[in-house]
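Asker: Need coordinates for the below:
(2 chains)
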There are 2 protein chains.
Amino acid sequence: VNNFDLELIAARLEALEETIIHRFIDRAQFAHNEPAYLPQHSGFAGAEQYSLFQVRLEAQERLDAEFGRYVVPEERPYTTELPAPRREVRLPDTGIALIAYDCINQTPKICSAYLSCLAALCPPGDDGQHGSSVEHDVSALQAIARRVHYGALYVAESKYRRSPDLYRELIRSGDAEQLLLLLTRPEVESAVVTRLAAKVERLQAHVNRSIRRTIAPALLVEFYRDTVIPLTKAGQVAYLLRR
Amino acid sequence: VNNFDLELIAARLEALEETIIHRFIDRAQFAHNEPAYLPQHSGFAGAEQYSLFQVRLEAQERLDAEFGRYVVPEERPYTTELPAPRREVRLPDTGIALIAYDCINQTPKICSAYLSCLAALCPPGDDGQHGSSVEHDVSALQAIARRVHYGALYVAESKYRRSPDLYRELIRSGDAEQLLLLLTRPEVESAVVTRLAAKVERLQAHVNRSIRRTIAPALLVEFYRDTVIPLTKAGQVAYLLRR
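Answerer: Coordinates of the predicted model:
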């Protein structure tokens, strides 16, 4: 398997996009539950000063870190100062030409964009299900981070390998703006969001609406257009500049 | 909302079944990875005597317990001696006439049935992705336990409320066998597995097979027929006998 075959990368990005859709739909089954996002309202013994969302996100990432999740290049955490893995993780050589993966970490922006879209994604109000809501948030955030960072690392490396001279020149001069231009393909981006909208429709076509809330394709289209796609490209530029 | 409206319960069971299908498909993307299930092979510092699967399952359930997951009647854990919640969880009154929810806990049998079906679910061999495999196992097991115990508690209470005299009689005489007979409706069970098979097909119809492995509907049908349905009924009998 060639990790940098663009067709394979595109297929993998498509699979990751499916996961994101499912996790948005799952989160939308609960109300917005704003108190779960208020600092000093966690109600969690020993961590009262944070929001319940923050406490859950950090606790899950600490656990995942101990199991070695962040050894995988595209798994970038939202939390800093995580513990080291408590097991040895042997990965096949990825071919990614960077060791300090967190140079490309876009999670702060992903997180704030995600939290901003909750009001449109979920029914308003408070259904009391704060624990489930933040559990689903973490799961959605992990899926988004995986998509963004996988795209950042693998698409950038793949494009570099196809035209090394072209990229080397811009990297040498540190020309982030030209790099971004070179990485941008509007027709691919518009094909991605069109496919995404169709998939959101299709995945909900047979849903029993008496029990499952559905989500608007436009919401995910906007999230991709304003967040996933630009942050993937920002990650690509960051990767190339450090390559 | 009446928690014991049978139509609503059926719709909720259907939604939970969708989650189970997704999680089986997600797990099937990884190889069987047998070493992850061998005791004394966790390679996890401080827990070397267990399997990686056991270590992950227990760690996740300890975290979830602290956030209050097991306060919810249908969320039954696989692990015993879990910590108390570190936050106060306020649930609306469920109407379930039992406090010691674990009287109906079927997780030991769910777990062994699930582990036995991994060989048929996943491609054989070892792809090195043990961490991801056991993470997906935990997620699948949680979905199955939720489905089984929700069905056990809510279907049993709903049926009891529709014919209290009938059930009271059998409960008084402790007649588990007759209770089981009374709870069994072969035509409903066969409709469930038929729907399940169709749903597994439909959910995978548009999948890009170059990147996503698909699973056989028969595998899930068998798992429902031999595990989910009988254990749900065993839970119903256990609930009624203690009601």
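
Asker: Over stretch A:102-113, what's the mean pLDDT, rounded is fine.
Answerer: For stretch A:102-113, mean pLDDT rounds to 97.

Asker: whoops, stretch A:204-213 was the one
Answerer: 84.

Asker: How far does that stretch stretch from one end to the other?
Answerer: Terminal residues of stretch A:204-213 are spaced 9 Å apart (CA to CA, to the nearest Å).

Asker: tell me which residues in it are buried?
Answerer: A:204, A:211-212 (16 or more other CB atoms under 10 Å in any protein chain shown). (Each C-beta comes from the backbone N, C-alpha and C, glycine too.)

Asker: swap in stretch A:165-180?
Answerer: Using 16+ other CB under 10 Å as the test for burial, stretch A:165-180 gives A:167, A:170-171, A:179-180.

Asker: again, but for stretch A:191-200
Answerer: A:192-193, A:196-197, A:199-200.

Asker: Turn those into TSV, columns for pLDDT.
Answerer: Listed next are these as TSV, based on pLDDT from 0 to 100:
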residue	pLDDT
A:Val192	95
A:Val193	97
A:Leu196	96
A:Ala197	97
A:Lys199	93
A:Val200	95
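
Asker: what helices or strands is the lowest-mean-pLDDT helix or strand in chain A leaning on?
Answerer: In chain A, no helix or strand scores lower on mean pLDDT, DSSP states H and E than helix A:6-27, which sits at a mean of 92. Applying 3 or more CB pairs under 8 Å, 6 or more residues apart in numbering or on different chains; DSSP states H and E, one finds that helix A:6-27 contacts helix A:107-121, helix A:130-150, helix A:186-203, helix A:217-223.

Asker: which of those helices sits most buried?
Answerer: Of those, the one with the most neighbours on average (mean count of other CB atoms under 10 Å in any protein chain shown) is helix A:130-150, at a mean of 22.

Asker: Name the next helix or strand downstream of that helix, please.
Answerer: helix A:156-162 (DSSP states H and E).

Asker: right, and the helix or strand after that following helix?
Answerer: Next along the chain from helix A:156-162, counting by DSSP H and E, comes helix A:164-172.

Asker: can you list contacts of that following helix?
Answerer: If you take CB atoms under 8 Å, 6 or more residues apart in numbering or on different chains as the criterion, helix A:164-172 is touched by A:159-160, A:178-179, A:182, A:240-241, A:243.

Asker: and the two most separated of the residues you listed?
Answerer: A:Gln178 and A:Arg243 (15.1 Å; CB to CB).

Asker: Check the gap between A:Leu203 and chain B for me.
Answerer: The gap separating A:Leu203 from chain B is 8 Å, by CB to the nearest CB, to the nearest Å.

Asker: what sits against that residue?
Answerer: Contact partners of A:Leu203, counting by CB under 8 Å, 6+ apart, are A:18, A:21-22, A:25.

Asker: Reformat the residues you listed as JSON lines; add neighbour count and distance to A:Arg69.
Answerer: Shown next, in JSON lines, are those (neighbours: other CB atoms under 10 Å in any protein chain shown; distance: CB to CB, whole Å):
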{"residue": "A:Glu18", "neighbour count": "18", "distance to A:Arg69": "20"}
{"residue": "A:Ile21", "neighbour count": "19", "distance to A:Arg69": "22"}
{"residue": "A:His22", "neighbour count": "18", "distance to A:Arg69": "19"}
{"residue": "A:Ile25", "neighbour count": "21", "distance to A:Arg69": "24"}
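
Asker: how about TSV for those residues, with distance to B:Leu82 added?
Answerer: Listed next are the contacts of A:Leu203 as TSV, based on distance: CB to CB, whole Å:
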residue	distance to B:Leu82
A:Glu18	33
A:Ile21	33
A:His22	28
A:Ile25	29
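
Asker: Chain B: which of the residues you listed is nearest?
Answerer: A:His22 (6.5 Å; CB to the nearest CB).

Asker: Please name the nearest non-neighbouring residue to the closest one.
Answerer: B:His22 (6.5 Å; CB to CB, 6 or more residues apart in numbering or on different chains).

Asker: Surely that neighbour touches A:Arg23?
Answerer: No - under the criterion of CB atoms under 8 Å, B:His22 is not in contact with A:Arg23, lying 10.4 Å apart.

Asker: nearest to B:Tyr70, of the helices and strands packed on helix A:6-27?
Answerer: Of all those, helix A:130-150 comes closest under CB to CB, at 10.5 Å.

Asker: separation between A:Val237 and chain B?
Answerer: Distance of A:Val237 to chain B, computed by CB to the nearest CB: 26 Å.

Asker: what residue ranges in chain A score low on pLDDT?
Answerer: Residue ranges of chain A with pLDDT under 70: A:1.

Asker: Within range of chain B, give me the residues from it.
Answerer: Residues of chain A lying near chain B by CB under 8 Å from any CB of the partner chain: A:8, A:11-12, A:14-15, A:22, A:42-46, A:52, A:56, A:59-60, A:63-64, A:66-69, A:86-92, A:128, A:131, A:135, A:202, A:206, A:208, A:210-212.

Asker: Quick check: PyMOL command selecting the buried ones in these.
Answerer: Applied in PyMOL, the following selects the buried portion of the residues of chain A next to chain B according to 16+ other CB under 10 Å:
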select buried, chain A and resi 8+11+12+14+22+42+43+44+52+56+59+60+63+64+66+67+68+69+86+87+89+128+131+135+211+212
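
Asker: Among the residues of chain A next to chain B, which are located in helices?
Answerer: With DSSP state H as the criterion, helices contain A:8, A:11-12, A:14-15, A:22, A:52, A:56, A:59-60, A:63-64, A:66-67, A:131, A:135, A:202 from among the residues of chain A next to chain B.

Asker: still on that earlier bit, top of the contacts of helix A:164-172 by number of neighbours, please.
Answerer: Counting by other CB atoms under 10 Å in any protein chain shown, A:Leu240 has the largest number of neighbours within these, with 25 neighbours.
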